[in-house]
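Asks: when you get a sec, could you give me coordinates for this:
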Amino acid sequence: MLIVQKYGGTSVGTLERIEAVAQRVIKTKNEGHDVAVIVSAMSGVTNQLIEQAEFFTKTPVGREMDVLLSSGERVTSALLAIALNAKGYAAIAFSGRGAGIVTDNFHTKARIVSIDPKSMQEALKQGKIVVVAGFQGISTTGEVTTLGRGGSDLSAVAVAGALKADLCEIYTDVDGVYTTDPRIEPKAKKLDRISYDEMLELASLGAKVLQNRSVELAKKLNVNLVTRSSFNDHEGTLITGEEKMEDAVISGIALDKNQARITIRNVEDRPGVAAEIFSALASKEINVDMIVQNIGRNGETNLGFTVPQNELETAYRVMKEVNPNPNSIIESDADIVKVSLVGVGMKSHSGIASKAFKTLADEGINIQMISTSEIKISMIVEAKYGELAVRALHKAYDLDK
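Replies: Here you go, the predicted structure:
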């Protein structure tokens, strides 16, 4: 088998942890498998580099940030390859460029365009362990790019797809995917298996186990993912296209604290206004999530939407520039969170939403915004009620049983 393994920042956080990762990789190699390893920067390194850049300016140039931030993963990949070679196992470290990962030209949030796996394939044919610096690539114009937070997961899935790997293992500091964050609800249970669609929803809604773009790519490339801990040998959670015969109504609950809301009051109620607003946000690569527009009265309406907290300042500035109406009042609120229920069983069960709304009402929690899909219900509430809402919903849907 060809197995791709990805190790996150906490898994390679110290030299001792890198040595432990080397032992795990060697164990896989000794079992007769070919191995390609994708690594993140050592825990805390990326944040430290960002802080160093912000010493000079809060808005550093994207190109230079990519050159800076990509160094963290290159250090880890080189150290792991050195450790493996020192133990008698031939290994070779590749940067994103060396691994043939080509991206578009958007700095700090680049998307993978293609991968030329020839260098990696040649190394594997020679019996070497391939170690790739995650989170990065080279643009079509030859510039170093990074893939955004959690981009090493994306690197791993893309490499697994390009190499046609039999399995892609994502190693983190948790045992797998849980019904919710065990730090919020100690009764949370680990899932043995979850579908791509459910995992994609959970990842995009705030679950920290996997980056949502990586799950989307895994579904597209039909890569079987296993997420498991690098600190023990427990079985992880398989993310695959295969679904159980009897799916649980709710598989998990996510809490996203990285949410902020912008409300524009007295927006001119005419065709094209929404297009102007959201086109301006899209031009700045700002991800808009939930959108609510009231029924227009007297030629005006109110429009609200949510964005990631780290994009609130930019989004607010864009709205001031767009100025949909001289009488418009633009407000922002970062004191909110998003609580979401996810489960493919929603497709065939009724009463899921009403139960969720009643559960929060019984706890005295007011819902400010609601968004739904076939397998998801998301609700915006005040930040101080977020964890209470998760625990109440977890109990209401018997996820602890």
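Asks: hmm, Gly44 and Gly9 touching each other?
Replies: Yes. Gly9 is within contact range of Gly44, at 7.3 Å (criterion: C-beta atoms under 8 Å). C-beta: built from backbone N, CA, C; applies to glycine.
Asks: show me which of the two is the more surrounded one.
Replies: Gly9 (22 against 12; other C-beta atoms under 10 Å).
Asks: for that one, what are its contacts?
Replies: The contact partners of Gly9, taken as C-beta atoms under 8 Å, 6 or more residues apart in numbering, are Ser40, Ala41, Met42, Ser43, Gly44, Val45, Thr46.
Asks: which of the three states applies to Arg183?
Replies: coil (DSSP: H, G, I helix; E, B strand; the rest coil).
Asks: quick one: it and Val381, what's the gap?
Replies: 19 Å (C-beta to C-beta, to the nearest Å).
Asks: could you do Ser373 as well?
Replies: Relative to Val381, and taking C-beta to C-beta, Ser373 is found at 19 Å.
Asks: then Glu321?
Replies: 30 Å.
Asks: one more: Val132?
Replies: Counting by C-beta to C-beta, the gap from Val132 to Val381 is 40 Å.
Asks: show me where this protein has helices.
Replies: For the chain, the helices defined by DSSP state H cover 15-30, 45-54, 62-86, 118-125, 151-163, 196-204, 212-221, 273-283, 312-322, 352-362, 386-396.
Asks: indicate which one of those helices is closest to Arg265.
Replies: helix 312-322 (11.6 Å; C-beta to C-beta).
Asks: and the closest one, which residues are buried?
Replies: By 16 or more other C-beta atoms under 10 Å, the buried positions in helix 312-322 come out as Leu312, Thr314, Ala315, Tyr316, Val318, Met319, Val322.
Asks: hang on, the fourth one packs against Ile262?
Replies: Read that as Tyr316. Yes. Assessed by C-beta under 8 Å, Tyr316 is found in contact with Ile262 at 6.3 Å.
Asks: next, show the common contact partners of the two.
Replies: Ile330, Ser332.
Asks: model confidence for the residue of the chain most remote from its centre, exactly?
Replies: Distance from the C-alpha centroid of the chain peaks at Asn298, with 42.1 Å (C-alpha atoms, centre = their mean). Note on Asn298: pLDDT of 75.
Asks: what of the one 10 residues further on?
Replies: The confidence metric pLDDT takes the value 91 at Pro308.
Asks: pull the contacting residues for it.
Replies: Asn258, Gln259, Ala260, Asn287.
Asks: measure it to Leu49 for me?
Replies: Distance from Pro308 to Leu49, by C-beta to C-beta: 20 Å.
Asks: same check on Ala203?
Replies: Ala203 is 25 Å from Leu49, by C-beta to C-beta.
Asks: the residue nearest to Arg297 when sequence neighbours are not counted: what's it in contact with?
Replies: Sequence neighbours aside, Asp269 is the residue nearest to Arg297 in space, at 7.9 Å (criterion: C-beta to C-beta, 6 or more residues apart in numbering). Taking C-beta under 8 Å, 6+ apart as the criterion, Asp269 is in contact with Gly296, Arg297, Gly299, Glu300, Thr301.
Asks: shouldn't the third one be in contact with Glu268?
Replies: I take that to be Gly299. Yes. If you go by C-beta under 8 Å, Gly299 and Glu268 touch, sitting 6.8 Å apart.
Asks: of those two, who's got more company?
Replies: Using other C-beta under 10 Å, the more surrounded residue of Gly299 and Glu268 is Glu268, with 16 against 11.
Asks: partner residues bridging that one?
Replies: Glu300 (DSSP bridges).
Asks: which stretches of the stretch 151-300 of the chain have low pLDDT?
Replies: Counting by pLDDT under 70, the stretch 151-300 of the chain shows low-confidence ranges at 206, 242-248, 296.
Asks: what about the residue farthest from the centre of the chain, distance to Pro271?
Replies: Counting by C-beta to C-beta, the gap from Asn298 to Pro271 is 17 Å.
Asks: and if you look at Thr28?
Replies: 58 Å.
Asks: with Val144 instead?
Replies: 43 Å.
Asks: the more surrounded of the two?
Replies: Val144 (22 against 6).
Asks: hey, what's that one bridged with?
Replies: Beta-bridge partners, per DSSP bridges, of Val144: Ile138.
Asks: show me what contacts it?
Replies: Asp66, Val67, Ser70, Gly96, Arg97, Gln136, Ile138.
Asks: of these - the most surrounded one?
Replies: Neighbour max across these (other C-beta under 10 Å) = Gly96, 29 neighbours.
Asks: next, that residue: phi, psi?
Replies: phi -60, psi -40 (degrees, to the nearest 10).
Asks: who's in contact with the residue nearest to it when sequence neighbours are not counted?
Replies: Closest residue in space to Gly96, ignoring its immediate chain neighbours: Gln136 at 3.7 Å, by C-beta to C-beta, 6+ apart. When contacts are counted by C-beta under 8 Å, 6+ apart, Gln136 touches 66, 70, 73-74, 95-96, 101, 144-147, 151, 155.
Asks: possible to save those residues as JSON lines with distance to Ile18?
Replies: Formatted as JSON lines, these follow (distance: C-beta to C-beta, whole Å):
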{"residue": "Asp66", "distance to Ile18": "24"}
{"residue": "Ser70", "distance to Ile18": "18"}
{"residue": "Glu73", "distance to Ile18": "13"}
{"residue": "Arg74", "distance to Ile18": "14"}
{"residue": "Ser95", "distance to Ile18": "17"}
{"residue": "Gly96", "distance to Ile18": "19"}
{"residue": "Ile101", "distance to Ile18": "22"}
{"residue": "Val144", "distance to Ile18": "23"}
{"residue": "Thr145", "distance to Ile18": "25"}
{"residue": "Thr146", "distance to Ile18": "21"}
{"residue": "Leu147", "distance to Ile18": "22"}
{"residue": "Gly151", "distance to Ile18": "20"}
{"residue": "Ser155", "distance to Ile18": "18"}
